[in-house]
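Asks: From the sequence below, what's the structure:
(2 chains)
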Amino acid sequence: MRTLSKEELKESINQHLLWLNNKGGERLVLINYDLRGNDLSDSDLSGSNLSDSDLSGSNLSNSDLRGSDLRLSALSDSNLSGSNFSNSDLRWSDLSGSNLSNSNLGYSNLGGSDLENTHVSRLYGHPWEITVYPESLAIGCERHTVEEWERFTEKEIGMMDRQALAWWAKWQDSILSYATLVQTN
Amino acid sequence: MRTLSKEELKESINQHLLWLNHEGRKRFVLVNYDLRGSDLSDSNLSGSNLSNSDLRGSDLRGSDLSDSDLSGSNLSNSDLRRSDLRWSNLSGSNFINSDLRWSDLSGSNLSNSDLGYSNLRRSDLSYSNLSGSNFSNSDLRWSDLSGSNLSYSNLSYSNLRESDLENTHVSRLYGHPWEITVYPESLAIGCERHTIEEWEGFTEKEIGMMDRQALAWWAKWQDSILSYATLVQTD
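Replies: Residues are numbered from 1 along each chain as shown, chains lettered A, B, ... in the order given. Take a look at the predicted model:
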């Protein structure tokens, strides 16, 4: 595993920002790098390739990782709160012990990833992608706390989607109790 | 296994076209032929019979194979992008590592076929018979599996993101030490696949024997996951 100094990493991220804005620069591609313990909070890393790299213990809060390739990366015990992982590839990544509250995992690839102690779970097989987050439950684009979901009226559920009400009648109890269990220690 | 020259193959396709137009008598029937690496792209082979033939590494892009018999054929490493395989008989055929993106397999019979490591992104598998088929490590993103029969199939390590699983009685759960898949007839937790009744009947000792961390996990999740799986399996 190769390493980068804090300054080199900062410069690489600046280059990535230029690349994102079509102002030259270079896409952030750091495969099989040791990037442990870095502060990358609030940075735009969307579309980067950090596969096979070790980012454990780093601060990625409120960072943008949309569409990033994070396969086989280590993100264990990192701060990922408020970060955006939508459409990213997290297959076989290690997310154990990371803080994923208020993060966005919509349409991310979680096959084979280690989600131990994250209080996160993904369900497939429903009309919408379902993700349990540490603080909320997302069903499609509707994301609310378990308590909010419990309180919604039939009218409110029916307004969310044409097929929502019939689906909710069948799945409400099972999914809310499952989500509650995911969120508890 | 018999073989055909490129010219003979081309002539057979032309004869089949005439047959399709009721102008000829020679349907495309190449049973038990060695057709490895053939170029059959953009051909109209609707209603043909290629059963038990070896088509490994063939180019079948955009070809019309609807209503044809490909049972027992070997199509591994073949390029079948945008091919039309509606209502075809593909039972027991081999699609390992083949490229089936945007292919239309709706209503086809893929029972006991092997689709391991195949690329099925945006393919249409609706109302197909997939019983006993192997989809392990396949890419099923954005595929339409609605109404298909997935009983006794193997979906382990397949990518089901944004695939349509309506009326399949199949569900996938991530976030546990093992991949969890609810099948129409069983519940797979990691490599342990049993009916819900069997899961309910396991003793603590039996669960503990499955994996070092299984018993503590089971104590927490048993009720929730078994009731969820039951719901998935019921209409």
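
Asks: Chain B contacts on chain A?
Replies: By Cβ under 8 Å from any Cβ of the partner chain, the residues of chain A that approach chain B are A:107, A:109-113, A:115-116, A:118, A:120-127, A:129, A:132, A:170-171, A:174-175, A:177-178, A:181-182. To be clear about C-beta, it is placed using only N, CA and C from the backbone, and glycine gets the same treatment.

Asks: of those residues, buried ones?
Replies: The neighbour-count test (16 or more other Cβ atoms under 10 Å in any protein chain shown) marks A:107, A:109-111, A:113, A:115-116, A:118, A:120-126, A:129, A:132, A:171, A:174-175, A:178, A:181-182 as buried among the residues of chain A next to chain B.

Asks: Go through those and flag which are in strands.
Replies: A:Ser121, A:Arg122, A:Leu123, A:Tyr124, A:Val132 (DSSP state E).

Asks: which among these gets closest to chain B?
Replies: Comparing those against chain B with Cβ to the nearest Cβ places A:Ser121 closest, at 3.1 Å.

Asks: right, and that closest one touches A:Val132 too?
Replies: Yes. Using Cβ atoms under 8 Å, A:Ser121 makes contact with A:Val132 at a distance of 4.4 Å.

Asks: Now do the shared contacts for those two.
Replies: A:Tyr178, A:Ala179, A:Val182, B:Gly175 (Cβ atoms under 8 Å, 6 or more residues apart in numbering or on different chains).

Asks: so what's the third one up against?
Replies: If you count contacts by Cβ under 8 Å, 6+ apart, A:Val182 has them with A:His119, A:Val120, A:Ser121, A:Val132, B:Gly175.

Asks: Apart from its neighbours in sequence, what residue is nearest the first one?
Replies: Think A:His119. Once flanking residues are discounted, A:His119 sits nearest to A:Pro134: 4.1 Å by Cβ to Cβ, 6 or more residues apart in numbering or on different chains.

Asks: Disregarding residues adjacent in the polypeptide, which is nearest to B:Tyr127?
Replies: Leaving out its chain neighbours, the residue that sits closest to B:Tyr127 by Cβ to Cβ, 6+ apart is B:Gly147, at 4.4 Å.

Asks: what does A:Leu18 give?
Replies: That would be A:Gly25: by Cβ to Cβ, 6+ apart, it lies 2.7 Å from A:Leu18.

Asks: Neighbours of the one you found, how many?
Replies: Using other Cβ atoms under 10 Å in any protein chain shown, A:Gly25 is surrounded by 16 other residues.

Asks: where does it land on pLDDT?
Replies: Confidence at A:Gly25, expressed as pLDDT, is 96.

Asks: Pull the most distant pair out of the ones in strands among the buried ones among the residues of chain A next to chain B.
Replies: A:Tyr124 and A:Val132 (12.9 Å; Cβ to Cβ).

Asks: Now, the shared contacts of A:Ser121 and A:Val132 that are in helices?
Replies: A:Tyr178, A:Ala179, A:Val182 (DSSP state H).

Asks: In TSV, list those residues along with distance to B:Ala216 and pLDDT.
Replies: Shown next, in TSV, are those (distance: Cβ to Cβ, whole Å; pLDDT from 0 to 100):
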residue	distance to B:Ala216	pLDDT
A:Tyr178	18	98
A:Ala179	20	98
A:Val182	16	98
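
Asks: If anything else comes up later, I'll come back, but that's it for now.
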